[in-house]
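**Q** have a look; sequence and predicted model below, questions after that.
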Amino acid sequence: MSGHRADRMYLLQYGAERVSAALSLRGGPVERHYWESFVGVLVRGGDEWILFDTEMARAALDSPAVQAAYAAGDNGDDDFRWHLTPTPPADRRWTWGLAGDPLAAALATVGLTPEQISRAVVSHLHVDHAGGIPTLAAHGVPVAAHRDELAFARSGAVGVTAGFHPPDWSHPGTRWELLDGDTDLAPGVRVLSTPGHTPGHLSLRVDLPETGTWLFAADAADLGQNFLDRTPCGSCAAARPGDEELADRSLDRLLREAADSDARIVPGHDQLVLNAVRHPPGGHR
Ligand SMILES: [Zn+2]
């Protein structure tokens with residue numbers, strides 16, 4: 001079985017965003033806001049470093065249009081109590097990210113540079129997951145995404161106010177690798193098709209020799225609460241009939257896979273869970 005397992009894994013935190021609970025929990029209270037982490041997963045499998053999710057770009061973190069899109073969800077609640085992030089942000093910011101290029105800064109914490117990444121994959125093309133793509137493109141790193149996701153972003157059906165920031169996925173040098181669904185990326189590294197939140201949403205499964213199976217939901221489940229209540233996230237970007245049902249099924253799929261493989265399941269934006277599983281020195285084995 002060892003040939004079917006990755007070697008080691010690091011969990012990265014690039015930053016965080018303050019969002020309404022209604023975005024993360026279907027039917028959740030719009031007036032409650034949480035600080036939610038931006039998470040990356042870095043896996044050594046075969047001879048490759050594979051990166052899952054890439055954070056919010058510096059350009060987006062500093063963009064008045066992106067801040068305004070987040071602020072549009074504000075309803076006057078000034079409660080910033082969810083200060084579990086490593087670096088509490090300044091007041092009245094809706095996002096924060098590591099200094100400089102957050103992707104490069106996060107990789108530096110484990111002694112890597114962007115050009116050492118063999119391959120990246122993005123769960124979906126929302127601004128808080130896709131912002132590192134231009135950095136990877138500049139270093140010739142191929143970026144995998146679901147074919148339906150790129151087609152949806154490029155359709156122009158949604159824009160910045162819905163979390164799609166075109167500079168993230170418009171870099172002409174991007175070496176796209178378009179996936180059609182479940183795909184093995186390397187020994188012990190597999191993406192799982194979990195549509196609903198967006199049309200081509202992907203989650204990640206990692207199998208390690210000592211700690212076993214890990215499932216990274218990305219936005220198929222932002223928080224532990226999604227699993228506890230069997231309630232998916234509150235938004236479906238394409239707003240098509242049937243998208244909410246797809247999101248339900250994707251959540252169920254992750255729960256089933258977790259039960260079948262006794263997996264550790266990590267929601268996409270849960271600061272408490274991330275703090276609990278943040279990588280030990282040398283990474284998870
Ligand atoms: Zn999203």
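**A** Perfect, thanks for sending it.
**Q** Leu274 against Gln13, yeah?
**A** Yes - between Leu274 and Gln13 a contact is recorded at 6.2 Å, counting by C-beta atoms under 8 Å. The way it works is simple: take the backbone N, C-alpha and C, and place the C-beta from them, glycine included.
**Q** overlap in contacts of these two?
**A** In terms of C-beta atoms under 8 Å, 6 or more residues apart in numbering, Leu274 and Gln13 are both contacted by the residues Ser37, Val39.
**Q** secondary structure element for Ala276?
**A** Using DSSP states H and E, Ala276 maps to helix 271-277.
**Q** helices or strands next to that helix in the packing?
**A** On a contact count with 3 or more C-beta pairs under 8 Å, 6 or more residues apart in numbering; DSSP states H and E, helix 271-277 meets strand 8-20, strand 33-45, strand 264-267.
**Q** off-centre distance for that helix?
**A** On the basis of C-alpha atoms, centre = their mean, to the nearest Å, helix 271-277 sits 14 Å off its chain's mean C-alpha point.
**Q** just the mean pLDDT for it, thanks.
**A** Averaged across helix 271-277, pLDDT comes to 92.
**Q** what residues does it touch?
**A** Contact partners of helix 271-277, identified using C-beta under 8 Å, 6+ apart, comprise 11, 13, 16, 35-37, 39, 82, 84-85, 224, 264, 266-267, 284.
**Q** max pairwise distance over those: which two?
**A** Trp82 and His284 (25.7 Å; C-beta to C-beta).
**Q** now do the contacts for the closest residue to Gly28 other than its chain neighbours.
**A** Nearest-residue entry for Gly28: Ala21, 3.9 Å, with adjacent residues in sequence omitted and distances by C-beta to C-beta, 6 or more residues apart in numbering. Residues near Ala21 by C-beta under 8 Å, 6+ apart: Gly28, Pro29, Val30, Arg32, His33, Tyr34, Gly234.
**Q** what of Val160?
**A** Ala65, Val66, Ala69, Val127, Pro166.
**Q** those residues: which two are farthest apart?
**A** Most distant of those, by C-beta to C-beta, are Ala69 and Pro166, 13.0 Å apart.
**Q** who has more neighbours, these two?
**A** Ala69 (20 against 13; other C-beta atoms under 10 Å).
**Q** is that one in contact with Gly163, as I believe?
**A** Yes - between Ala69 and Gly163 a contact is recorded at 7.2 Å, counting by C-beta under 8 Å.
**Q** show me where the stretch 51-200 of the chain has helices.
**A** Along the stretch 51-200 of the chain, counting by DSSP state H, counting those that start in this stretch, helices occupy 58-61, 64-71, 102-108, 127-130, 133-138, 147-154.
**Q** for the stretch 51-200 of the chain, which residue gets nearest to the ion?
**A** Of all residues in the stretch 51-200 of the chain, His126 sits closest to the ion, at 3.5 Å by C-beta to the ion.
**Q** contacts only, for that residue.
**A** Gly163, Phe164, Thr198, Asp219, Ala237.
**Q** try 6 Å this time
**A** Gly163 (C-beta atoms under 6 Å, 6 or more residues apart in numbering).
**Q** how far off centre is the lowest-mean-pLDDT helix or strand in the chain?
**A** Ranking every helix and strand in the chain by mean pLDDT, DSSP states H and E puts helix 64-71 at the bottom, with a mean of 88. Computed by C-alpha atoms, centre = their mean, the chain-centroid distance of helix 64-71 equals 19 Å.
**Q** my read is that Arg119 contacts Val143, right?
**A** No - applying C-beta atoms under 6 Å, one finds Arg119 not in contact with Val143, separated by 7.9 Å.
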